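> Following is a predicted model, sequence given first.
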Amino acid sequence: MQVAAAAYTAAVFDMDGLLLDSERPVRDAWMQVAAEFGVPLTPAAYLDLIGLDHRESTLRLRAIFGDDALLADANRRASALLAERFGDKPFDVKPGARRLLESLRCARIPCAVASSTQRAEIGHRLTRAGLLDFFAAVCGGDEVVRGKPEPDIYLLAVERLGAKAATTLAFEDSGHGALAALAAGLGVVVVPDLKPPEPAWQARSVAVLESLDAACARSTEWFGIACACVCPTTSAGRRPPLPRIARCTFTSSASAAPSWAAWPRWPARAATPSPAATPASTRR
């Protein structure tokens, strides 16, 4: 499958809005709740939350809702709306995601997830979507002190992969995520989802694409591989294993029923904190 010298030897992916079509349903739930509660949450204000870490997004939402108790009630209502719509069903996988991941696995290029969503919820979402096994490492927003657009989560991802930032390519859908990857020294490909390209990161990106299908077309240039539709099996009928690095694992709490706590992009799975800390629930 190797056909050319590789510019990059590892890859790190955001999750919500890039691998999974989760941004739209979460946004729609929050906009509905804001309308029901009579809160002036505008589409533009919501877009500013995308890609931010939980702490910063909570502060911004608190300023909009103006009351911790009201914000906690809104979060529970948004969670209920998502549960009604999806239940245990996964979010849709974005076009080209599975094909690109299959090709990277076949070429034994290590991949990680670096998402502002809490790590346990990442495991649930990717497991339900059938994508978790593509990743040798998973990094969640609750594992770093500073979230995107700071570089911490990408530095953690390359550390867990045992890779070098300069030869690792990040895939993102938001400006906050793109800036985080760039600050960590990675190359970045942006596939905008809800937010259009922004001058602050567009000119510094390796590419800005319409979909991960388009990324497959550039796989020879970036990874020295041909992007196959189906990963060939070994003589024993098995798919090639992931590279021999630490595999991602999840504690028993991650096997429990999923929480639909809907904070934009980072549903929380820990015990409900006091309203003064973080309202009950969730990337994001």
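In hand now; what should we look at?

> can you point me to the longest helix in the chain?
Longest among the helix segments of the chain by residue count, using DSSP state H, is helix 68-86.

> Mean confidence (pLDDT) on it, please.
Across helix 68-86, pLDDT averages out at 93.

> Tell me which residues of stretch 206-220 come out buried.
For stretch 206-220, burial by neighbour count (16 or more other C-beta atoms under 10 Å) applies to Val206, Ala207, Val208, Leu209, Leu212, Asp213, Ala214, Ala215, Cys216, Arg218, Ser219, Thr220. Every C-beta, even on glycine, is put in place using the N, C-alpha and C of the backbone.

> tell me the secondary structure for Thr58?
Three-state assignment for Thr58 (DSSP: H, G, I helix; E, B strand; the rest coil): helix.

> Relative to Ser115, how far out is it?
With distances taken as C-beta to C-beta, to the nearest Å, Thr58 is found 17 Å from Ser115.

> These two: which is more packed in?
Ser115 (33 against 22; other C-beta atoms under 10 Å).

> remind me which residues of the protein are low pLDDT?
1-5, 228-284 (pLDDT under 70).

> wait, isn't Ala45 in contact with Ile64?
Yes: the criterion here is C-beta atoms under 8 Å, and Ala45 meets it with Ile64 at 6.3 Å.

> Show me what counts as buried in stretch 132-140.
Quick answer for stretch 132-140 (16+ other C-beta under 10 Å): Leu132, Phe134, Phe135, Ala136, Ala137, Val138, Cys139, Gly140.

> Between the two ends of that stretch, what distance do you get?
14 Å (C-alpha to C-alpha, to the nearest Å).

> Please tell me I have it right and Leu126 contacts Phe135.
Yes: the criterion here is C-beta under 8 Å, and Leu126 meets it with Phe135 at 7.2 Å.

> For those two, list the residues in contact with both.
Counting by C-beta atoms under 8 Å, 6 or more residues apart in numbering, the residues touching both Leu126 and Phe135 are Val113.

> Now for the buried residues of stretch 132-140: which two are most distant?
Phe134 and Gly140 (16.6 Å; C-beta to C-beta).

> the strands in the stretch 151-284 of the chain, which residues?
168-172, 187-190, 207-208 (DSSP state E, counting those that start in this stretch).

> now those as CSV including distance to Ala35?
Shown next, in CSV, are these (distance: least, C-beta to C-beta, whole Å):
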stretch, distance to Ala35
strand 168-172, 30
strand 187-190, 31
strand 207-208, 32
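
> Nearest to Ala200, out of the ones you listed?
Nearest to Ala200, of all the strands of the stretch 151-284 of the chain, is strand 187-190, at 11.4 Å by C-beta to C-beta.

> how about the buried residues of stretch 132-140 in JSON lines, adding distance to Ala97?
Shown next, in JSON lines, are these (distance: C-beta to C-beta, whole Å):
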{"residue": "Leu132", "distance to Ala97": "13"}
{"residue": "Phe134", "distance to Ala97": "9"}
{"residue": "Phe135", "distance to Ala97": "12"}
{"residue": "Ala136", "distance to Ala97": "17"}
{"residue": "Ala137", "distance to Ala97": "17"}
{"residue": "Val138", "distance to Ala97": "16"}
{"residue": "Cys139", "distance to Ala97": "18"}
{"residue": "Gly140", "distance to Ala97": "19"}
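
> Reformat the residues you listed into TSV and put secondary structure and distance to Lys94 next to each item.
Below are the buried residues of stretch 132-140 laid out as TSV (DSSP: H, G, I helix; E, B strand; the rest coil; distance: C-beta to C-beta, whole Å):
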residue	secondary structure	distance to Lys94
Leu132	helix	16
Phe134	helix	14
Phe135	coil	15
Ala136	coil	20
Ala137	strand	20
Val138	strand	18
Cys139	strand	19
Gly140	strand	19
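
> out of the residues you listed, which one sits closest to Leu104?
Phe134 (7.5 Å).
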